[in-house]
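1. Attaching a predicted model along with its sequence, questions to come.
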Amino acid sequence: MKQIKRTVIVEALKRTDIGAEINVKGWVRTRRGNKNVNFIALNDGSTINNIQVVVDLANFDETMLRLITTGACINVNGILAESMGQGQRVEIQATEIEVFGTADPEKYPLQKKGHTLEYLREIAHLRLRTNTFGAVFRIRHNMAMAIHTYFHERGFFYFHTPLITGSDCEGAGQMFEVTTLSLSDPKKTKEGAVDYSQDFFGKRTSLTVSGQLEGELAAMSLGKIYTFGPTFRAENSNTPRHLAEFWMIEPEVAFNTIEENMELAQDFIQYCVRWALEHCADDLDFLNQMYDKELVDRLKFVTENDFQRLTYTDGVAILKAAVANGHKFDYPVDWGTDLQSEHERYLVEEHFKKPVILTDYPKEIKAFYMKQNEDGKTVRAMDVLFPKIGEIIGGSEREADYDKLVARIEELNIPMKDMWWYLDTRRFGTAPHAGFGLGFERLILFVTGMQNIRDVIPFPRTPNNADF
C-alpha cells in the first residue's frame, strides 16, 4: 500500500480538503451494500462517530473483501469526498484496503445486535469496542483531565500517597491485607498469633482505603494538595454503587474552614460537569439518546444552581415529616442513624429538587479525625448529595486540637502506635484545615447516566470477580 500519514477518524470527519488522499485505520462496525458497491462503517475509538468507507467492488479482490466483517481491523487509503448520504459530511472513496486482523463472524461476540450490559461485563476485554463503552471511557478520560486541570490552575499540588499502609483511615477494618507470609503455614508467635515481625514490612499492612491522612501531612507543609489514585475496600457488597477497587480524589487545604470546604466542593464538581458538557458533547448526546433522556438537562441543572445547604438535624426532620405524611422508606430514619441512599435521594430529588450539602453529622457515625462542634454531639462533616447517586462527596473540617483528637482515638480504640506520625501534625504547628473525598467512579456514573458502577471502570473488582 502507498504510505500516507494516518488521520484519526475524529480529525478526518472535520477535514474540508475534498479530493485529498487520506489514510484511516480502525475496526469495522458494519458492512453493507449491493453487488456493485459496499459501505463500511469504520471506527478507531477517537470518537463516537464512524467514518463511511465506500468500496467499489470492481476495484478489489473478492477474497480479500470477504475478510472484512464486523470486528475486523483494516487499513484504508482513499480520496476524501463529500458524502451523499445523511448523517455524515464527508466519506472516503477507497483506493486501497489492507486487512490487519480478521474477526470470525461465527465467534466474534460483538455482532450487530443489542447486547445487555450484564453480558458485556462478561467480556470486559472487548466491550470497549462498543459505542456505549467507547463513550463512557472517553468521558472518564476527560473527567481525569478536568480534575488535574482544575487543581493545577488553582495552585494545588498533586501529591502521591502510598497504596500500602499500616493504618486504617476510616476505622472500618475492611481492608485487603498485604503479606509475603505463607498463607498455608504462616509464622506464629509463642501465643499462636501470626508473627508479622517476620513479614516483608515487619508489621501488618494492607491496601489503603484512603490517601487522606497522608494528604493532611502534605497540606501542613505545601498548603494545598490533592491526591488522585486507587483505593481498596474489602467490603462484601454487590450493590450497583460499590467496588472493591476504585479511584478517589482527595483535596486537603490548610487554613480552610468547613464553609470554605463546601465552596470548594461545589465549585470543583460544577467545573467537572461543565468540562464534560463542553468537551464530550457527542458522547453525552449518544448516552442521552440511548440510556437516559434527562442526562444532559440534569448535568446543565447542576452547573446552573447553587447547592442547598442544611444540617443533618434539619435533614432528618424533613425525612421524618415525609414519613408522617405517608412516604415509605425501606430503612427507618432517626437522629443518630446513618442516612441511606434512598434518604439522600429524597432530599435531593423530591424535597429540594437540587444538589444538597448536608452538614454537622452525629460524631458517632463519622470518622475520628473530624472537628467536633461545641455541642459535643456533632462534627463539622459535610456530604454532597446528587440526584440519581446520593452521596458523591464526603468531607469535613479536621480536628486540629491535639487533646481532642487523642481522646477520640482512644474512645474508638484505634491503636495509638499506628497514629503517632499523624498526631505530630497537631503537636507541632497545628492549624485549621479541611478536605473531602470524591469517588471518581460515582462522578462518572453521574456524568454518563449509567446505572451500575461496574460499567464506568474498565475492569471492575467486586466479590468473586477479578477477571481480566
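-> Received, thanks.
2. going forward, measure contacts and count neighbours with C-alpha atoms only.
-> OK.
3. Measure how far stretch 78-92 is from the centre of its chain, please.
-> 36 Å (C-alpha atoms, centre = their mean, to the nearest Å).
4. For it, measure first residue to last.
-> Length of stretch 78-92, first residue to last, C-alpha to C-alpha, to the nearest Å: 6 Å.
5. try stretch 442-456
-> 9 Å.
6. One more: stretch 61-69?
-> Span of stretch 61-69 from end to end, C-alpha to C-alpha: 15 Å.
7. Do a quick rundown of the helices in the stretch 351-468 of the chain.
-> Per DSSP state H, counting those that start in this stretch, the stretch 351-468 of the chain carries helices over the ranges 402-411, 420-427, 440-448.
8. winner for burial among these?
-> helix 440-448 (a mean of 24; mean count of other C-alpha atoms under 10 Å).
9. Which strands or helices does it pack on?
-> helix 131-153, strand 245-254, helix 295-304 (3 or more C-alpha pairs under 8 Å, 6 or more residues apart in numbering; DSSP states H and E).
10. Distance from the chain centre to the longest one, please.
-> For helix 131-153, the distance from its own C-alpha centre to the chain's C-alpha centre is 9 Å (C-alpha atoms, centre = their mean).
11. Name the residues of it that are buried.
-> Of all the residues in helix 131-153, those buried under the rule 16 or more other C-alpha atoms under 10 Å are 131-140, 142-144, 146-148, 150-151.
12. List the buried residues for stretch 81-96?
-> Result for stretch 81-96 [16+ other C-alpha under 10 Å]: buried residues 81-82, 89-95.
13. Would you agree residue 356 is in contact with residue 386?
-> Yes - here residue 356 reaches residue 386: they are 6.9 Å apart, a contact under C-alpha atoms under 8 Å.
14. what residues go with each domain of the chain?
-> As assigned by automatic domain parsing, the chain contains the domains 9-101, 127-174+209-455.
15. measure the first one end to end?
-> Think domain 9-101. 19 Å.
16. as a whole number, average confidence for that domain?
-> Across domain 9-101, the average pLDDT comes to 96.
17. on that earlier part again, which one, of the helices of the stretch 351-468 of the chain, ends up nearest to residue 189?
-> helix 420-427 (25.2 Å; C-alpha to C-alpha).
18. ok, back up a step: residue 55: which of the buried residues of stretch 81-96 is nearest?
-> residue 94 (5.5 Å).
19. and the closest residue to that closest one other than its chain neighbours, bridged to which residues?
-> Counting by C-alpha to C-alpha, 6 or more residues apart in numbering, residue 78 is the residue found nearest to residue 94 once chain neighbours are left out, at 4.1 Å. Residue 78 has these beta-bridge partners by DSSP bridges: residue 22, residue 94.
20. give me every residue that touches residue 78.
-> 21-23, 92-96 (C-alpha atoms under 8 Å, 6 or more residues apart in numbering).
21. Kindly report the same for residue 340.
-> Contacts of residue 340 (C-alpha under 8 Å, 6+ apart): residue 331.
22. Would you mind measuring from residue 226 to residue 145?
-> Counting by C-alpha to C-alpha, the gap from residue 226 to residue 145 is 14 Å.
23. Turn the helices and strands packed on helix 440-448 into CSV, columns for distance to residue 17.
-> CSV is the format used below for these (distance: least, C-alpha to C-alpha, whole Å):
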stretch, distance to residue 17
helix 131-153, 27
strand 245-254, 43
helix 295-304, 33
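24. can you put the contacts of residue 78 in CSV and add distance to residue 199?
-> Converted to CSV, those look like this (distance: C-alpha to C-alpha, whole Å):
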residue, distance to residue 199
21, 63
22, 59
23, 56
92, 62
93, 64
94, 63
95, 64
96, 61
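25. one step back: can you put the domains of the chain in JSON lines and add distance to residue 191?
-> Output for the domains of the chain, formatted as JSON lines (distance: least, C-alpha to C-alpha, whole Å):
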{"stretch": "domain 9-101", "distance to residue 191": "58"}
{"stretch": "domain 127-174+209-455", "distance to residue 191": "20"}
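26. Which of those domains sits closest to residue 203?
-> The nearest among the domains of the chain, by C-alpha to C-alpha, is domain 127-174+209-455 at 7.5 Å.
27. Could you list everything residue 396 pairs with in the sheet?
-> residue 381, residue 435.
28. close enough to count as contact, it and residue 261?
-> Yes - proximity of residue 396 to residue 261 meets the contact threshold set by C-alpha under 8 Å, at 7.4 Å.
29. okay, the helices and strands packed on helix 440-448 in a markdown table with mean pLDDT and distance to residue 72 next?
-> Listed next are these as a markdown table, based on pLDDT from 0 to 100; distance: least, C-alpha to C-alpha, whole Å:
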| stretch | mean pLDDT | distance to residue 72 |
| --- | --- | --- |
| helix 131-153 | 98 | 16 |
| strand 245-254 | 98 | 33 |
| helix 295-304 | 95 | 33 |
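30. Check the gap between residue 294 and residue 285 for me.
-> 11 Å.
31. again, but for residue 261
-> According to C-alpha to C-alpha, residue 261 and residue 285 sit 33 Å apart.
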